[in-house]
Structures are given as structure tokens and as C-alpha cells.
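K.L.:
this is the structure alone, sequence omitted:
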């Protein structure tokens, strides 16, 4: 893991650059100024990145001259944030950490919980609600239809036009809370008659899924009914074990009010699990379920998730926040880390960010999550879900 110091008077620049480097697995220290006499240790710092827009070259030159000897660490005057990813890549001697040639890809289109949160403070990680795309073994699988599915739909239309063939898609609904279905009426591919949309839900979570999804498209709420979608989506309910083409899947209960499903997928490139809304109860008191039931669900989940390659898991709260939100159906990120570590997960992606969480807050949580994992001696990689983020299996 590489270590960097980033320097800028601009808080937004620091947040975005820090998030970019954290997302590539770096450890980052963010400061506002170069302090004379404070020379980084080359054994512990791999690069210094300076915001050229807020700190001019004369200031940097004065800092270097004050040290009295040559700086042995690469110092980069970053021209603007659009170059952040490229600068990090150039400094990584190992090259890209992902298998970029793999056809099996996880893409994040909505990572927020509860309600969309557009704005300057959430622009880096994104403010759309839950939607994840899995391109696995030739299947296009969409996990949940939060507001992020609107952007996914437009992207898919471009891909279909380039390929000159219609889309066949499978949408899995974890549960029907609003932040997981509210984008469906705005999913453009569903309005194209040559496309085919299959909608699946876990039968143990929600019976009559079609009727529930159709409710939000009644005339009181929306001008077009679900029955009038030209693709004529077919809605089915699946049992614990099912298949989507060559992809084998397992559905299981999570600890969330109103019932919610998690899913594990087995592919030729490894396993992926999606647990968008789940309460890991830290203190042992009852949630909306009796304590014994919650503990039983938790043990079953750990067993089901054992050894999964990529786990996308609810991390809406901190432990300090969780004490006042017991029973709300979401986890503290610390508990998500410890559960994933106990299950032998290879890579954990923190998901369902709280609507009050800024980009800077998520950067901090990611740093703390990685530190907690390192404290336990786990080699698990931890990332924070971000709109536009891709994981190549």
C-alpha cells in the first residue's frame, strides 16, 4: 500500500483527491499547507501531491529551499482534479490493481441510502439511491432500482445502440422500500418494446411483488402505469436457490424492518454478495426482531457469506450513531468490517451511505474502516462505494 500527502487550501480539492487515492488503495494524509522544517520520511511517504491552483510554485520552492537538502520523494504539482486518477496510476509501479480485461464487472450507479442527496458535498461519492449493475458470465443483472437506475438506463441505451441489438436484463429487488424502487418509473430501457426486463424478488420477503411495484406508478403518483411499459416487464418471485443464465444465486433474509433479502452470486470469476440493508446489532439488544432471531440470522449470514470474493454491505452508521438507531435496520461500518473479517471476505465495499454523510465524511469512514481491519490483522481490501466505480472480477 502506498502513502501520500496531499496539500491544498481548497477543502473540495482535498476531499476529491483523497477519495481518488483511497479508492486506489492508498493511505492519505491531507493538509492545507507545506510547513517549513516538516520534511516527510521517504521510508513512509511515497508521494506529495500539491494543488497547483491554490499553492503556487514559489511557495513550494521556498518550502524546498528551507529544507536545505534535496527532497527524495516525488512531488507533483497537480494541474486539476481531472488528472487525479492518472497521476495516481503513474505512481503505482504495479500498474492497475484490477483485471481490466475481465468481462465480469460490478458497476455502481447508486450508493446512497434512504433518499437521494444531490449537492456539492456529495458529488464525489454520489447522491443516488441503491442501484448496482453486475455483468457476469454474459448476464446483465441489476440490483435494486433506486434513483441510480435512471443513469444506468441511459448508459445501457448507448451500449445497445452501439451493439445494434436489444437488451435483456434481470432486475433483482432486495425489498420494496422507496429508496430501492423509486427509479424504476424512469428506467428508459423498460419503455423500448424490443427490450426484455425480468424483475425478480425473494418470495420469502415480498409476496405479490408485481402489485407492490405497480403501486408507485398508479395515476396518483405517476402518469404511466407499469402495465403500459412497452417492454412488458415480467415479475417473478424466486426461492432460496435460483439461476440467472449461468450465474447461480442464493437469496437469504437480512435483519431489516419489513423484510429484506441479500443475494450471493457464483460466477466463473468468483463470488459476489449484495447485502444492501442489514442491521448487525452491536450491543445484543433486540432490534425489530427478538434477539435470538437476530442472532440466528446473523450466524446464517456469516455462513452464507463465508469466503465471498466481493461483499457489498450496508454501512450507513458509525457505532456512535448506531446507539440511537437500534431497530432501524442498518449497520455501523465497524460492525460490517468485523462481520466481513469473520466471514473471510476478500473485498468489502461499504454501501448505502447515510444521506447526511458528506464526501469528506465517507473518506474518514473509509480510513477508519481500513485501520480497524489492519488492527485485526486481516488482509481484506475495503472500499467505499462510489457512483461510477467499477470492480473487475
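P.N.:
Cool, the structure landed. Not measured: the values here are computed from a predicted model. Numbers count the residues shown, from 1 in each chain.
K.L.:
hmm, who's touching stretch 380-388?
P.N.:
For stretch 380-388, the external contacting residues (C-beta atoms under 8 Å, 6 or more residues apart in numbering) are 19, 22-23, 25, 107-111, 124-126, 128, 148, 151, 312, 315, 337, 340-341, 345-351, 353, 362-363, 365-366, 369-370, 373, 389. Glycine gets a C-beta too; all of them are placed from N, C-alpha and C.
K.L.:
do you know how far residue 141 is from residue 28?
P.N.:
Distance of residue 141 to residue 28, given as C-beta to C-beta, to the nearest Å: 33 Å.
K.L.:
ok so, going back, and the contacts of stretch 380-388, which of them are in helices?
P.N.:
The helices, defined by DSSP state H, take in 19, 22-23, 148, 151, 337, 340-341, 362-363, 365-366, 369-370, 373 from the contacts of stretch 380-388.
K.L.:
among those residues, list the two that are farthest apart in space.
P.N.:
Within those, two members stand farthest from each other by C-beta to C-beta: 151 and 341, at 32.6 Å.
K.L.:
hmm, back to that, now, of the contacts of stretch 380-388, which are buried?
P.N.:
Buried by 16 or more other C-beta atoms under 10 Å: 19, 22-23, 107-111, 124-126, 128, 148, 151, 312, 315, 337, 340-341, 345, 347-351, 353, 362-363, 365-366, 369-370, 373, 389, out of the contacts of stretch 380-388.
K.L.:
contacting residues for the closest residue to residue 29 other than its chain neighbours?
P.N.:
Distances taken as C-beta to C-beta, 6 or more residues apart in numbering place residue 5 nearest to residue 29, at 5.0 Å, with adjacent residues excluded. Neighbour list for residue 5: 28-31, 40, 45, 47-49 [criterion: C-beta under 8 Å, 6+ apart].
K.L.:
which one (most neighbours) among those?
P.N.:
Ranked by the number of neighbours (other C-beta atoms under 10 Å), the contacts of residue 5 place residue 49 first, at 27 neighbours.
K.L.:
how about it, secondary structure?
P.N.:
Secondary structure, DSSP: H, G, I helix; E, B strand; the rest coil: residue 49 is strand.
K.L.:
secondary structure element for the closest residue to residue 140 other than its chain neighbours?
P.N.:
Nearest residue to residue 140, sequence neighbours excluded (C-beta to C-beta, 6+ apart): residue 169, at 4.9 Å. Residue 169 is part of strand 168-173, with elements assigned from DSSP states H and E.
K.L.:
residues contacting the very next helix or strand once past that strand, please?
P.N.:
Per DSSP H and E, the first helix or strand lying C-terminal to strand 168-173 is strand 196-202. Applying C-beta under 8 Å, 6+ apart, the contact partners of strand 196-202 are 166-174, 176, 187, 189-190, 209-210, 213, 229, 231, 233-238, 242, 244, 251, 261.
K.L.:
which among those residues end up buried?
P.N.:
For the contacts of strand 196-202, a burial check counting by 16+ other C-beta under 10 Å picks out 167, 169-174, 176, 187, 189-190, 209, 213, 229, 231, 233, 235, 237-238, 242, 244, 251, 261.
K.L.:
in the stretch 1-150 of the chain, which spans are strands?
P.N.:
Chain-ordered strands for the stretch 1-150 of the chain, with DSSP state E, counting those that start in this stretch as the definition, fall at 3-7, 27-31, 47-51, 75-78, 105-110, 131-136, 139-143.
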